[in-house]
Structures are given as structure tokens and as C-alpha cells.
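Asker: what would the 3D arrangement of this be:
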Amino acid sequence: MDQQDSGVNRSSKGKDGSRLEGFPDSAPHKIQHFDILLDELSEDDKERWLRLCRDVCYRDKICPPGVTVTVDDYRTVPQRATAALWAFVKRYKTTVSALVMIAVMGPLFGFNLIVALILMLVLHEAGHIYVLWRLKVPFSTPVFIPFIGAAITTSEIGNLWDEAMVGLGGPLLGTVTSLLALLLGMHLDSDFIFLAGAVGAWVNLFNLIPIVPLDGGRALRGVSRWFAPLGLILMGWWSYRNTRILLGLITLLLVKSVWRGFRGADTRPKLRWTQKGALVGIYLLLLCTLLALVFGTEILAALEG
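Answerer: Sure, this is the predicted structure:
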């Protein structure tokens, strides 16, 4: 074989005399794309190639003779471990992110509260997912973000009505499940179930603030652009009232986005007046229901205290 000063074979010969470009002599190192038929190699090179395949082609577990093997680069043990860990996180990102959220926020706010929060966020996101599924819009699985909440990503939604339905799907299911949890908690005298219902009411009420990326903003974006500045004011007031520094920073970051949305025109077809009226009616119904649930739980907590 031809050797170079770098200690890497840039080429070698198979049994038929063909040159095999990019065949490595040692690892780890970066190599170019190349195809090698195992039955073209000499016995010594085949054994060395199989050893390399066990590391590089770890996804396929085996590289049988007579099958073309394409290699992008050789991975070291730490690189393989990192890749395997990242693949696991991507596949089970909902579970992993939920556990991270519990580990980070549990010691600060109490594990019961955070578990209840995650359960209600799951139900909230399930409302969005159901509407997206009915509309045949591709979506990702939910990801939990400590101190923020949960999020799913979707492809672009074609019209304002469908976007509004997706936005209202989460608060609608979230409001119903929060009400049921509160009633069930009182019936069973379960503090945890009642806590879940109270947390769900607050979560869904916050999401009704009419500013994108919150659900209220998506629901009312097609109704009037004036809801966005109102939502920005409400977010600023909420962060000030509850002394939430992170929420305040997010509010500041949204100022530019709100300004652009207010000045620019949405190119999608405008909603009819009947559609706007329906959206406003559903929004107000959810808003009044959640306000009643929130203030009701506050009054019950004060009476019991």
C-alpha cells in the first residue's frame, strides 16, 4: 500500500487491482466519502476494514461482504457516545425535557406543583395537536422548557382561520380539563388534583394574552392587528405584577416583533366578519371561564387559609 507522511493510506488496491480512495490506516481522523466492496479487499485489509466498520457503521451493527459501505467520517468513542446520547434525546425529547423541568424547577417550587404543571401542559398541547392532526399539518412532539412552559413546532399554516383554530385548541381543552380537575379534586378531597386544576387555569389564562407566540395572539391575529400592542402591555403588566424577570425580558424581545407585525400586512386571505365574530365569541367565553376558575380557586384558598 502507498503510505503518506501523515500515517494515513490515501489509496490501496483490491484484489482486482482497483484503487480504493480514502482508505484509513489509523483512527481517528476525517476521511472523504468513499465506497468499498469488501470482497475486493485482501484478507488483511478486509479484517482491518471490518474492525473499522464496527466503529463507523455502528447503526447497522454489521457490514456484510458484497455490500457497498459508505462512510462519512470515523468517530471516536466519546463522539459515538455523544451521538448516541443526542439520538436518544431527540427520540424521547418530550420525556427527557419533562424530567429536566422537574429536576430544575422542582427544588424551587415544589415537586407536586411542577408535576401538576407538566400534566396540565400535556393536556394543553394535546388540544393543539388534535387540531393540527385534523388539519393534516405536520408537527413535532412537545418539548418542555423550564421557566417557560412547553412548545411544539409546526410547518406554516396556510390561512388565518386554521391558525386561529390551532391557537384555540390548546386553551379549549385546557379549560375543560382544568374545570374537571377542580371539580374532581373537591369531590375526592384530593389536594394534588385540585392543585392541577388551579395550575391549569392559570396556564391557560396566561396563554390567552393576545400576542404571538401565545395562543391568544394566534387566535386573534386575523381579527385585528390592534390586539398585539394590547397583548404586549398585558405581558409587561403580568411580568411586573409577578416579578418575573425572564418574562419581562421576553416581553422586551417581543416589542420589535409586535412593531413589525403591526406595520406589515399579512398576505394571507382576510377573515370574513362572521369568522371574526366567532373567534371573538369563543375567546371571550374561554377568558370569562378561566377568570372565574382563577378567582374561584383564590377565594377557596383564602377561605381555607
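Asker: CA atoms for contacts and neighbours, from now on please.
Answerer: OK.
Asker: and residue 119, what element?
Answerer: Here residue 119, judged by DSSP states H and E, is contained in helix 111-135.
Asker: swap in residue 203?
Answerer: Element membership for residue 203 (DSSP H and E) is helix 191-207.
Asker: CA atoms only: put that helix into PDB for me.
Answerer: C-alpha atoms of helix 191-207 as PDB (Å, rounded to 0.1, in the frame of the first residue of the first chain):
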ATOM      1  CA  ASP A 191     -55.100  18.300  47.100                       C
ATOM      2  CA  PHE A 192     -53.000  17.300  44.100                       C
ATOM      3  CA  ILE A 193     -55.900  17.000  41.600                       C
ATOM      4  CA  PHE A 194     -57.300  20.300  42.800                       C
ATOM      5  CA  LEU A 195     -53.800  21.800  42.500                       C
ATOM      6  CA  ALA A 196     -53.500  20.500  38.900                       C
ATOM      7  CA  GLY A 197     -56.800  22.200  38.100                       C
ATOM      8  CA  ALA A 198     -55.800  25.500  39.600                       C
ATOM      9  CA  VAL A 199     -52.400  25.400  37.800                       C
ATOM     10  CA  GLY A 200     -54.100  24.600  34.500                       C
ATOM     11  CA  ALA A 201     -56.500  27.500  34.900                       C
ATOM     12  CA  TRP A 202     -53.500  29.900  35.300                       C
ATOM     13  CA  VAL A 203     -51.600  28.400  32.500                       C
ATOM     14  CA  ASN A 204     -54.500  28.600  30.000                       C
ATOM     15  CA  LEU A 205     -55.400  32.200  31.200                       C
ATOM     16  CA  PHE A 206     -51.800  33.300  30.600                       C
ATOM     17  CA  ASN A 207     -51.800  31.700  27.100                       C
END
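Asker: check which residues of the strand or helix carrying residue 106 are buried.
Answerer: Using DSSP H and E, residue 106 falls within helix 93-109. Residues 93-94, 96-99, 101-102, 105-106 are the ones in helix 93-109 that count as buried (16 or more other C-alpha atoms under 10 Å).
Asker: show me what it is packed up against.
Answerer: When contacts are defined as 3 or more C-alpha pairs under 8 Å, 6 or more residues apart in numbering; DSSP states H and E, helix 93-109 sits against helix 111-135, strand 143-145.
Asker: switch the cut-off to 10 Å
Answerer: Contact analysis of helix 93-109 by 3 or more C-alpha pairs under 10 Å, 6 or more residues apart in numbering; DSSP states H and E lists helix 77-91, helix 111-135, strand 143-145, strand 149-151 as its packing neighbours.
Asker: low-confidence regions, the stretch 101-250 of the chain specifically.
Answerer: Along the stretch 101-250 of the chain, segments meeting pLDDT under 70 span 242-248, 250.
Asker: what number of residues lie near the closest residue to residue 193 other than its chain neighbours?
Answerer: Residue nearest to residue 193 in three dimensions, not counting chain neighbours: residue 185, with 4.8 Å by C-alpha to C-alpha, 6 or more residues apart in numbering. For residue 185, the neighbour count with other C-alpha atoms under 10 Å is 18.
Asker: and if you look at the one 3 residues further on?
Answerer: Other residues within reach of residue 188, judged by other C-alpha under 10 Å, total 10.
Asker: show me which residues of the lengthiest helix in the chain are buried.
Answerer: Criterion DSSP state H: the longest helix present in the chain is helix 273-304. Buried positions in helix 273-304, judged by neighbour count with 16+ other C-alpha under 10 Å: 276, 279, 283, 286-287, 289-290, 293-294, 297.
Asker: can you check stretch 210-227 too?
Answerer: 210-212, 215-223, 225, 227.
Asker: state the distance from residue 217 to residue 165.
Answerer: 12 Å (C-alpha to C-alpha, to the nearest Å).
Asker: same deal with residue 276?
Answerer: From residue 276 to residue 165 the distance is 12 Å (C-alpha to C-alpha).
Asker: overlap in contacts, the two.
Answerer: Common contacts of residue 276 and residue 165 (C-alpha atoms under 10 Å, 6 or more residues apart in numbering): residue 219.
Asker: and the spatially closest residue to residue 96 that is not a sequence neighbour, what pLDDT?
Answerer: Beyond its immediate neighbours in the sequence, the residue positioned closest to residue 96 (C-alpha to C-alpha, 6+ apart) is residue 89, lying 6.5 Å away. Residue 89 is assigned a predicted lDDT (pLDDT) of 80.
Asker: with that, I have no additional questions.
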